[in-house]
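> Give me coordinates for this.
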Amino acid sequence: MQLPLQSEVFATRYWKTLDDGRVECAMCPRYCKLHEGQRGLCFVRANHEGAIVLTTWGRSSGFVIDPIEKKPLNQFLPGTPVLSFGTAGCNLACKFCQNWDISKSREMDTLMDLATPEMIASAAHHLGCRSVAYTYNDPVIFHEYAIDVALACKEKNIRSVAVTAGYVCPEPRREFYRYMDAANVDLKAFSEHFYKTITGSKLGPVLETLEYIRHETSVWLEITTLLIPDENDSSRELDEMTRWIQDHLGPDVPLHFSAFHPDWKMRDKIRTPVETLLRARKIAIENGIRYVYVGNVHHKEADSTYCSRCDALLIGRDWYQLSEWNLDAAGRCKFCGTRCAGVFESRPGNWGPKRVAVDLSRHSQ
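Take a look at the predicted model:
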C-alpha cells in the first residue's frame with residue numbers, strides 16, 4: 001500500500017526498531033510490528049523509512065457542532081456546544097461499530113482538506129463552542145494531532161474532550177491526558193471473552209486507563225457501555241462491572257448505558273430494548289453509582305441528573321434539551337446544598353439538540 005508523500009506524514013516517538021528490521025509501534029497494546037511501507041491495524045500509523053509516522057495529521061473526516069450531551073457528557077459544561085471531529089481508522093476491530101464509515105475507512109480521500117490546530121481552535125472560538133471533541137474514531141490513533149489541537153484550543157480558553165475506547169499504552173496515555181479536560185471512555189463489556197471475540201482487543205488495558213484518568217489526572221471522566229442483546233447485557237456481568245466501577249473509581253463517575261442498533265458486522269442482532277437499559281441502570285444505582293443514564297432512547301427520567309443526597313431533580317433533560325436547572329453558581333443542589341459532581345459554569349448553556357455541519361474554512365480566520 002502506497003504511503004503519502006513525505007510532506008504529508010508526521011513524525012512520532014512511541015516506537016522502537018526490532019532486531020529483524022521491523023518497527024514496533026508502542027501507541028496501543030497491539031504493538032503492531034511493521035515492515036517498511038506497512039500500516040498498523042489502525043491504518044493511520046505506518047512504517048515510513050524506518051520510523052512510525054502519523055499519516056493523518058491535519059486532516060479530518062469533517063466538523064460538526066453537537067450538544068456536549070451527545071458525546072455523551074452529562075456533567076461537563078451542560079447545555080454547551082462542542083465542535084466535534086475525527087480522522088480515519090481505529091485501533092479496535094469492533095464488529096458492532098456504529099461509526100464504521102469513518103473508523104473502518106481505508107480510503108484517505110474520505111478525509112477533508114488541511115485542518116491545522118490553529119484553524120480548529122479559531123473556528124471553535126468563532127462559533128461559540130466551549131470545547132472541542134476528538135471523536136467518531138479514537139483519538140489514541142491521532143495522538144499527536146489531538147495534542148496539537150488541544151494546545152491551540154487552550155490558548156483560546158476552549159476545553160478538550162476525548163471520546164475513546166481507552167486502549168492505549170501507559171507512556172502515551174500519560175502524555176495525552178495532560179492536555180485533555182474531559183473524557184468519555186467506552187467500557188465495551190466486562191469480560192475478556194467479549195473484548196477478544198467482538199472487539200479484537202483486551203479488557204485489562206481499558207480498566208488501567210479508567211483508573212489512571214480517575215486517580216492520577218484532573219480530567220473529568222464519564223463512562224459509556226453500549227448494551228448488545230445476549231452479548232454483554234446479563235445481570236451478572238452488569239453487577240460485576242458496576243461493582244468494579246464503584247470499588248475502583250468511586251460513586252461519582254457518571255455511567256451511560258446506550259442502546260445498540262444493528263450495524264457493520266452485527267446486523268443480525270435486535271435493537272436493545274428500553275427495559276434492558278433500565279434494568280442496567282437499576283443494578284448500577286443499587287451498587288452505589290450516583291449518576292446513571294440511558295442513551296440512544298428517549299427517557300426523560302433516566303436522562304436527567306438527581307441530587308445524590310436529597311434526590312431532587314438537578315438537571316432535567318428531554319433528549320438533548322435542558323428542561324430544568326436546580327444548581328447554584330457553585331454546582332450545588334439548590335434544595336439541600338450538596339455539590340453535584342461535575343464541571344459546571346455559573347449558568348447552563350442553551351445550545352439544545354441542534355447538530356450543525358461546519359465548513360472550517362469559513363470560520364477559522
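
> residue ranges with poor pLDDT in the stretch 251-365 of the chain?
Scanning the stretch 251-365 of the chain for pLDDT under 70 picks out 264-265, 364-365.

> show me where it has strands.
Using DSSP state E, counting those that start in this stretch, the strands of the stretch 251-365 of the chain run over 255-259, 292-295, 305-306, 313-318, 321-325, 356-358.

> Which of those strands sits closest to I65?
Checking those against I65 by Cβ to Cβ gives strand 356-358 as the closest, at 4.4 Å. For glycine as for every other residue, the C-beta is placed from the backbone atoms N, C-alpha and C.

> Distance from the chain centre to that closest one, please.
Put simply, strand 356-358 sits 20 Å off its chain's centre (Cα atoms, centre = their mean, to the nearest Å).

> same check, this time on stretch 15-23
Averaging C-alpha positions (Cα atoms, centre = their mean) puts stretch 15-23 31 Å from its chain's average.

> re earlier: now the strands of the stretch 251-365 of the chain in JSON lines, with mean neighbour count and distance to I158?
Formatted as JSON lines, the strands of the stretch 251-365 of the chain follow (neighbours: other Cβ atoms under 10 Å; distance: least, Cβ to Cβ, whole Å):
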{"stretch": "strand 255-259", "mean neighbour count": "23", "distance to I158": "24"}
{"stretch": "strand 292-295", "mean neighbour count": "22", "distance to I158": "25"}
{"stretch": "strand 305-306", "mean neighbour count": "22", "distance to I158": "24"}
{"stretch": "strand 313-318", "mean neighbour count": "20", "distance to I158": "22"}
{"stretch": "strand 321-325", "mean neighbour count": "16", "distance to I158": "21"}
{"stretch": "strand 356-358", "mean neighbour count": "14", "distance to I158": "14"}
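
> of the ones you listed, which approaches R339 most closely?
Closest of the strands of the stretch 251-365 of the chain to R339 is strand 313-318, at 10.5 Å (criterion: Cβ to Cβ).

> Each with direction, which strands does that closest one pair with?
strand 305-306 (antiparallel), strand 321-325 (antiparallel) (DSSP bridges).

> Could I get the CA-only coordinates of the longest one as PDB?
To tie it back to what came earlier, the one meant is strand 321-325. Extracted C-alpha coordinates of strand 321-325, given in PDB (Å, rounded to 0.1, in the frame of the first residue of the first chain):
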ATOM      1  CA  GLN A 321     -32.700  19.800  25.600                       C
ATOM      2  CA  LEU A 322     -32.200  21.000  29.200                       C
ATOM      3  CA  SER A 323     -35.600  21.400  30.700                       C
ATOM      4  CA  GLU A 324     -34.700  22.100  34.400                       C
ATOM      5  CA  TRP A 325     -31.700  23.600  36.200                       C
END
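
> got a list of contacts for that strand?
78-79, 300, 304, 313-317, 348-350, 352-353 (Cβ atoms under 8 Å, 6 or more residues apart in numbering).

> Of those residues, just say which sits nearest to A330.
When the contacts of strand 321-325 are compared for distance to A330 (Cβ to Cβ), L314 wins out at 12.8 Å.

> Could you list which residues are in contact with that closest one?
By Cβ under 8 Å, 6+ apart, the residues touching L314 are 304-307, 324-327, 333, 340.

> what about stretch 296-310, how long is it end to end?
28 Å (Cα to Cα, to the nearest Å).

> in that stretch, what's buried?
296-297, 299, 302-308 (16 or more other Cβ atoms under 10 Å).

> Sort out for me which of those are in helices.
Using DSSP state H, 302-303 are the members of the buried residues of stretch 296-310 that sit in helices.

> Adding distance to A51, write the buried residues of stretch 296-310 out as JSON lines.
Shown next, in JSON lines, are those (distance: Cβ to Cβ, whole Å):
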{"residue": "N296", "distance to A51": "41"}
{"residue": "V297", "distance to A51": "46"}
{"residue": "H299", "distance to A51": "50"}
{"residue": "A302", "distance to A51": "49"}
{"residue": "D303", "distance to A51": "47"}
{"residue": "S304", "distance to A51": "50"}
{"residue": "T305", "distance to A51": "47"}
{"residue": "Y306", "distance to A51": "51"}
{"residue": "C307", "distance to A51": "53"}
{"residue": "S308", "distance to A51": "50"}
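
> Can you read off the pLDDT for the closest residue in space to V161 that isn't next to it in sequence?
Among residues not flanking V161 along the chain, A133 sits closest, at 4.1 Å (Cβ to Cβ, 6 or more residues apart in numbering). Listed pLDDT for A133 reads 98.

> For A133, which residues are in contact?
66, 68, 71, 82-85, 160-163.

> Strands - which of those residues land there?
The members of the contacts of A133 that map onto strands under DSSP state E are 66, 82-85, 160-163.

> Which of these has the largest number of neighbours?
Scoring the ones in strands among the contacts of A133 on neighbours with other Cβ atoms under 10 Å, the highest-scoring entry is V82 at 30 neighbours.

> Make sure that one is actually in contact with K71.
Yes: at 6.7 Å, V82 and K71 qualify as touching, with contact defined as Cβ atoms under 8 Å.
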